[in-house]
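Visitor: pasting the structure only:
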């Protein structure tokens, strides 16, 4: 009888295929007079096994109170097991997150690699003190050195066509045209500068095949660098904000010339997703500039380039 009672309780507690009828309980001596239990064939053996465990532990002392106590202990054991399993699961989740972060980092690094490039060898030269306004001449020297040309900056400056510094006659200011000639002299502190064609003429005299472009979009410039080509570009000193500082007349044609303050030349030798890497004549070093700011200054100066 006790076996049926305990197995019945097991089924009642777990709500699996159990139906029971209790006809009477003697409340004085706590004896159950009758309990019918219907156990399904599918699950009955599992609960009988639990009953056998109870008999093994309590033997003849097994009663309802002991059975309920054992069930409570098993519940506590299961709760502890579930807690341990939850801890293991959390650890697995943390490990999985760490793996996912590592994979994301590796993917990001691969994307950076695909969108990065830097030329081998770092050729630098400072325009100071000998060529204080000669960034274009020094920049061309760097470009030619990257392309295996043995020359000197003095040779470049000597070949560069030069024009007049601004001067005033009869209330009108005249001066040279940077599209035609260097305005002043690169060795002079108070000179201005030069644009594509005059510098390209010097480049071709030392190594033919130079390409000069105005209006080349910045992404195309970076594509050239990725192909292994250093690119001489016009920008501003230290990427300072440009502004139109002086205006004069180019006497041979009557054309109005407006000079952009801070005009400067650098040679792009590399880039990554965030930075542009240049050989900068102003410092005589390799420098790293914010890519989007560099793009802005490059665009303002007319998107001018020289490259081989």
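Guide: Received it, and whenever you're ready, just let me know what you need. These figures come from a predicted structure and were not determined experimentally.

Visitor: which one is residue 126 nearest to, not counting chain neighbours?
Guide: With sequence-adjacent residues excluded and distances taken as Cβ to Cβ, 6 or more residues apart in numbering, residue 126 is closest to residue 284, at 2.7 Å. Using the backbone N, CA and C atoms, a C-beta is placed for each residue, glycine as well.

Visitor: need the contact list for that neighbour.
Guide: With contacts defined as Cβ atoms under 8 Å, 6 or more residues apart in numbering, residue 284 is in contact with 124-128.

Visitor: ditto for residue 134
Guide: When contacts are counted by Cβ under 8 Å, 6+ apart, residue 134 touches 127, 153, 157, 186-187, 281.

Visitor: now residue 256
Guide: Contacts of residue 256 by Cβ under 8 Å, 6+ apart are 247-250.

Visitor: might you calculate how far the helix of greatest length in the chain sits from the centre of the chain?
Guide: Longest helix in the chain, counting residues (DSSP state H): helix 64-114. Averaging C-alpha positions (Cα atoms, centre = their mean, to the nearest Å) puts helix 64-114 32 Å from its chain's average.

Visitor: immediately after it, which helix or strand?
Guide: strand 117-118 (DSSP states H and E).

Visitor: adjacent strands (with direction) for that next one?
Guide: Applying DSSP bridges, strand 117-118 is found paired with strand 263-271 (antiparallel).

Visitor: if we can go back for a sec, just flag the most distant two among the contacts of residue 134.
Guide: 187 and 281 (13.8 Å; Cβ to Cβ).

Visitor: spit out the residues that contact the two alike.
Guide: In contact with both residue 187 and residue 281: 131, 134, using Cβ under 8 Å, 6+ apart.

Visitor: neighbour-wise, which of those two wins?
Guide: Neighbour totals were compared for residue 187 and residue 281, and residue 281 leads with 28 against 16 (other Cβ atoms under 10 Å).

Visitor: and that one, what's its pLDDT?
Guide: On pLDDT, residue 281 comes in at 98.

Visitor: hang on, residue 198 packs against residue 180?
Guide: Yes - using Cβ atoms under 8 Å, residue 198 is in contact with residue 180, at 6.5 Å.

Visitor: looking at the contacts of residue 284, spot the one nearest residue 308.
Guide: For the contacts of residue 284, the residue nearest residue 308 by Cβ to Cβ is residue 125; the value is 17.8 Å.

Visitor: which ones are touching the closest one?
Guide: 138, 141-142, 153, 279, 281, 284.

Visitor: output these as a markdown table; include the columns distance to residue 69 and secondary structure.
Guide: Listed next are the contacts of residue 125 as a markdown table, based on distance: Cβ to Cβ, whole Å; DSSP: H, G, I helix; E, B strand; the rest coil:
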| residue | distance to residue 69 | secondary structure |
| --- | --- | --- |
| 138 | 93 | helix |
| 141 | 94 | helix |
| 142 | 89 | helix |
| 153 | 97 | helix |
| 279 | 84 | strand |
| 281 | 89 | coil |
| 284 | 87 | coil |
